[in-house]
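Engineer: Attaching a predicted model along with its sequence, questions to come.
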Amino acid sequence: MLRNPQNSSGPREHDPERTYRIAARCYHGPDMTNHQRSGLPTKGTWPLDDQLIRLRVFGTEQTYDLVPGPAVQIIGSSSGCDIVLGKRDGTVAARHARLTRRQSRWTIHAIDEGAGSVCRDRVALREFPLIPGLEIGIGQVMLIAESQRSLVLHRALARLLGFGAAQRAYVDRALGTVLTTASGRSALMLYGEGDLMYVARQLHRLALDDRPFVVSDPRRLRGEGDARSARNIDDPMAAFTAAAGGSLCFAARRLPDGFERMVERWRRSEARVQLILCDRAADPVLVTAADSIILPPMSVRGRDRLRIIAEIAGDAAAELGVDASSFTGTDRRRVLESDAATLPDIERAIHRIIALRHWGVTPASRKLGMSHGALFEWAVRRGVVPGSSRSGRYRDRSRHKPRAIRRG
């Protein structure tokens, strides 16, 4: 994006010590008093609230369905329990905990405190309600409560971080990180290559749905935002106000003037705002002290890229309301050759190809929120449409109706 001509002072030069001081404030937990504020989620309000469907063992694919019929299910090591976990070195009692469903909500209770406790966020409690993405400790077993929305978010994080068994625990930790930061309890640091603000916007959409997503970047033009780009407000205080209930995103290497004052306001505010900072390289101190997610480069993902492309093609076709078969093997090779450097590049390329295949250049450009010329140039360079934009040999048939032929 072009530099904002209205901001003559421009962004500060990157100062590692300044960034560390600011980030340290972000990660010393904000005031968690549950104030009430009309019309906006309060700080600490969990972002997901849809109906739970199952429990899953942390870092694995082992699941236990929450049966909609029975109002009570027992968790323990006994074979007579509804959910059998095994003794796990004697830390799981025969009848360890009771799940109780009232309407569509589940609560977990420790059956016998002497036999074993149940933990939320590694804190032993007598009972507590279950919510999507919550980690539940049963002895040495960690379970995650899952809903349809948390599964979609988990799937997106697996695309970002890896599908293999070795990455499952990291993906589960990232799920907890995204949901905790989306509740406003701490800030999120994203590290990696490519357009991290695009990644931040995708995570925001999955965790916070239609709540506002605002960027405060002095190098971007001010704008209200659209399908392709987020709303940008270079004044961080005004950006914070606009982001109430949603997310506010910054580039860590070009923080705007007034950022420190905004952080202090965020710490004191009763409104829920997810604060996100993006940077190319991870700071070794902040990675251990902060809620951070490090995205591995796509160049080391190997065969993951084929699965990523297949999944995104299916999701893009469903989002656009078209048949996924319009994305062919040739298109997949094009993406691998030209647009596989980062996950945002892959997603954009697949959406464009599917839209072009189904509608042609002009209708596709409207659907995607792009100019006709920009989409056409992109498509010609990759051979998605024939012809050369410079020679004008390609004529977009979607822009012109065929002429009627007069018969003598």
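Structural biologist: Looks like it came in fine. Residues are numbered from 1 along each chain as shown.

Engineer: For Ser77, give me its contacts.
Structural biologist: Val84, Leu85, Gly86, Lys87, Arg88, Val92, Ala93, Ala94, His96 (Cβ atoms under 8 Å, 6 or more residues apart in numbering). Just so you know, the C-beta spots here come from the backbone N, C-alpha and C atoms, and that holds for glycine as well.

Engineer: Kindly report the same for Gln140.
Structural biologist: Neighbouring residues of Gln140 by Cβ under 8 Å, 6+ apart: Arg88, Asp89, Thr91, Val92.

Engineer: Walk me through the domains of this protein.
Structural biologist: What automatic domain parsing lists as the domains of the chain is 16-44+183-294, 52-149, 304-399.

Engineer: Any chance of a markdown table for those domains, columns distance to Arg173 and mean pLDDT?
Structural biologist: Converted to a markdown table, these look like this (distance: least, Cβ to Cβ, whole Å; pLDDT from 0 to 100):
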| stretch | distance to Arg173 | mean pLDDT |
| --- | --- | --- |
| domain 16-44+183-294 | 9 | 81 |
| domain 52-149 | 9 | 89 |
| domain 304-399 | 19 | 86 |
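
Engineer: Is Leu206 in contact with Val152, as I believe?
Structural biologist: Yes: using Cβ atoms under 8 Å as the test, Leu206 is close enough to Val152 to be in contact (5.9 Å).

Engineer: okay, those two: which has more neighbours?
Structural biologist: Leu206 (20 against 13; other Cβ atoms under 10 Å).

Engineer: name the element the closest residue to the more buried one other than its chain neighbours belongs to?
Structural biologist: Leaving aside its sequence neighbours, Leu206 sits nearest to Leu153 (Cβ to Cβ, 6 or more residues apart in numbering; 4.4 Å). If you go by DSSP states H and E, Leu153 is part of helix 148-161.

Engineer: contacting residues around that helix?
Structural biologist: 48, 50-51, 53, 132-133, 144, 146, 167, 170-172, 174-175, 178-179, 199, 202-203, 206-207, 293, 295-296, 308, 311-312, 343.

Engineer: Can you flag the buried ones in the residues you listed?
Structural biologist: Buried members of the contacts of helix 148-161, scored by 16 or more other Cβ atoms under 10 Å, are 48, 53, 132-133, 144, 146, 167, 170-172, 174-175, 178-179, 199, 202-203, 206-207, 293, 295, 308, 311-312, 343.

Engineer: now, which of the residues you listed lie within helices?
Structural biologist: 170-172, 174-175, 178-179, 199, 202-203, 206-207, 308, 311-312, 343 (DSSP state H).

Engineer: Show me where the stretch 1-150 of the chain has its strands.
Structural biologist: Counting by DSSP state E, counting those that start in this stretch, one finds strands in the stretch 1-150 of the chain at the ranges 52-57, 63-65, 72-76, 83-84, 97-102, 105-110, 118-120, 123-125, 127-129, 135-138, 141-147.

Engineer: Of those strands, give the one that comes closest to Ile276.
Structural biologist: With Cβ to Cβ, the closest approach to Ile276 among the strands of the stretch 1-150 of the chain belongs to strand 135-138: 21.7 Å.

Engineer: Direction included, what does that closest one pair up with?
Structural biologist: Strand pairing for strand 135-138, determined by DSSP bridges: strand 118-120 (antiparallel), strand 141-147 (antiparallel).

Engineer: now the strands of the stretch 1-150 of the chain as CSV including distance to Ser216?
Structural biologist: As requested, the strands of the stretch 1-150 of the chain are exported to CSV (distance: least, Cβ to Cβ, whole Å):
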stretch, distance to Ser216
strand 52-57, 36
strand 63-65, 40
strand 72-76, 45
strand 83-84, 46
strand 97-102, 42
strand 105-110, 37
strand 118-120, 34
strand 123-125, 35
strand 127-129, 35
strand 135-138, 32
strand 141-147, 32
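
Engineer: so which of the ones you listed comes closest to Arg272?
Structural biologist: That would be, of the strands of the stretch 1-150 of the chain and by Cβ to Cβ, strand 127-129, which comes in at 18.3 Å.

Engineer: Could you list every helix and strand in contact with the host helix or strand of Thr330?
Structural biologist: Assigned by DSSP H and E, Thr330 belongs to helix 329-338. Applying 3 or more Cβ pairs under 8 Å, 6 or more residues apart in numbering; DSSP states H and E, one finds that helix 329-338 contacts helix 304-320, helix 343-359.

Engineer: Turn those helices into TSV, including distance to Ala230.
Structural biologist: Converted to TSV, these look like this (distance: least, Cβ to Cβ, whole Å):
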stretch	distance to Ala230
helix 304-320	18
helix 343-359	13
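
Engineer: Would you mind finding the most buried of these?
Structural biologist: helix 343-359 (a mean of 22; mean count of other Cβ atoms under 10 Å).

Engineer: Following element in sequence after that helix, please.
Structural biologist: Next helix or strand after helix 343-359 toward the C-terminus (DSSP H and E): helix 361-368.
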